[in-house]
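[1] How does the following fold in three dimensions:
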Amino acid sequence: MSQQNEVAGIAERAADDKTLFGFWAYLMTDCMVFASLFATYSVLHNNTAGGPSGQDLFSMPYVMVETMLLLTSSFTVGLAILAARNHNRNTVIFWFALTFLLGTAFLTLELTEFSRLVVEGNSWRRSGFLSGYFTLVGTHGLHILIGLIWMLTTVPRLLTDGFSRVNLRRLTMLSLFWHFLDIVWIFIFTIVYLMGNIV
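    Numbering: from 1, shown residues only. Here you go, the predicted structure:
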């Protein structure tokens, strides 16, 4: 019986390894998508067609609030995974709930910024710069929305299935995805907002 359990354990670990490898492969393809969007934005960022540039449109204090919300959510999701490894269900749910609220606040601010720009006549149709901006930042925002939906569908499973191997794997992949989005945002903050206010 112990030998059968050992074989079953090896098979489960192999399945986990395959799943995580597939997820890392997905993250690498997503990284290529964002790399192409950054390259496109870099080419278009000076093509304002006589319209406003980043210096004219972006409010750094506003963007700093967005950044702090997202970076804090990266910290809270890390705490959630630490709690998951200790099988502390209530703590996991608390930290993921806080991560969800921070992510929702970030996305709300981003959509508010988009809405303001469109109302002021600075939509993605105005210039190449704005087209590149909306595409890059909007794609990141779409990924944030996907992450929030993922939290809503994954975390509640702890209440029914507990800390099964599958649930722990799902939570781990969710946290990796969220950290990836935080890293992408750091590049957006630096290249789009920070350099956009300097150049």
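[2] Which helix or strand in this protein has the lowest average pLDDT?
    helix 195-198 (a mean of 72; mean pLDDT, DSSP states H and E).
[3] now the helices for the chain?
    Using DSSP state H, the helices of the chain run over residues 2-44, 54-57, 60-85, 89-119, 128-154, 157-161, 165-188, 195-198.
[4] Give me the contacts around the second one.
    In this structure, residues lying in contact with helix 54-57 by Cβ atoms under 8 Å, 6 or more residues apart in numbering are H45, L117, N122, F129, Y133, V192, Y193, G196, N197, V199. C-beta: built from backbone N, CA, C; applies to glycine.
[5] for that helix, which positions count as buried?
    Neighbour counts using 16 or more other Cβ atoms under 10 Å place G54, L57 of helix 54-57 among the buried residues.
[6] ok, now the fifth one?
    The neighbour-count criterion (16+ other Cβ under 10 Å) identifies 128-134, 136-137, 139-141, 143-144, 147-148, 151 as the buried residues of helix 128-154.
[7] can you tell me how far the nearest residue to W150 once chain neighbours are set aside sits from V92?
    In space, W150 comes closest to L174 once its chain neighbours are excluded; the distance is 5.5 Å by Cβ to Cβ, 6 or more residues apart in numbering. Taking Cβ to Cβ, to the nearest Å as the measure, L174 and V92 are separated by 11 Å.
[8] Test for you: state the pLDDT assigned to the nearest residue to M173 once chain neighbours are set aside.
    If you skip the residues right next to it in sequence, M173 has F23 as its closest partner in space, 4.9 Å away by Cβ to Cβ, 6+ apart. Per-residue pLDDT puts F23 at 88.
[9] one step back: which stretch in the helices of the chain is the model least sure about?
    Minimum mean pLDDT among those: helix 195-198, a mean of 72.
[10] Could you pull up the contacting residues of the residue nearest to W150?
    Counting by Cβ under 8 Å, 6+ apart, the residues that L174 touches are V77, G147, W150, M151, T154.
[11] Any idea how many residues pack against the residue nearest to L79 when sequence neighbours are not counted?
    With Cβ to Cβ, 6+ apart as the measure, W95 is the residue that lies nearest to L79, at 4.7 Å, once sequence neighbours are left out. Residues contacting W95 under the criterion other Cβ atoms under 10 Å number 23.
[12] Would you mind measuring from W95 to L181?
    Here the distance between W95 and L181 works out to 17 Å (Cβ to Cβ).
[13] A49 now?
    With distances taken as Cβ to Cβ, A49 is found 31 Å from L181.
[14] neighbour-wise, which of these two wins?
    Summary of the neighbour comparison: A49 and L181, criterion other Cβ under 10 Å, with L181 having more neighbours (22 against 9).
[15] I'd say the more buried one and I144 touch.
    Yes. Under the criterion of Cβ atoms under 8 Å, L181 lies in contact with I144, with a separation of 6.1 Å.
[16] for the spatially closest residue to T91 that is not a sequence neighbour, what are its contacts?
    Among residues not flanking T91 along the chain, A83 sits closest, at 3.9 Å (Cβ to Cβ, 6+ apart). By Cβ under 8 Å, 6+ apart, the contact list for A83 reads T91, V92, W95.
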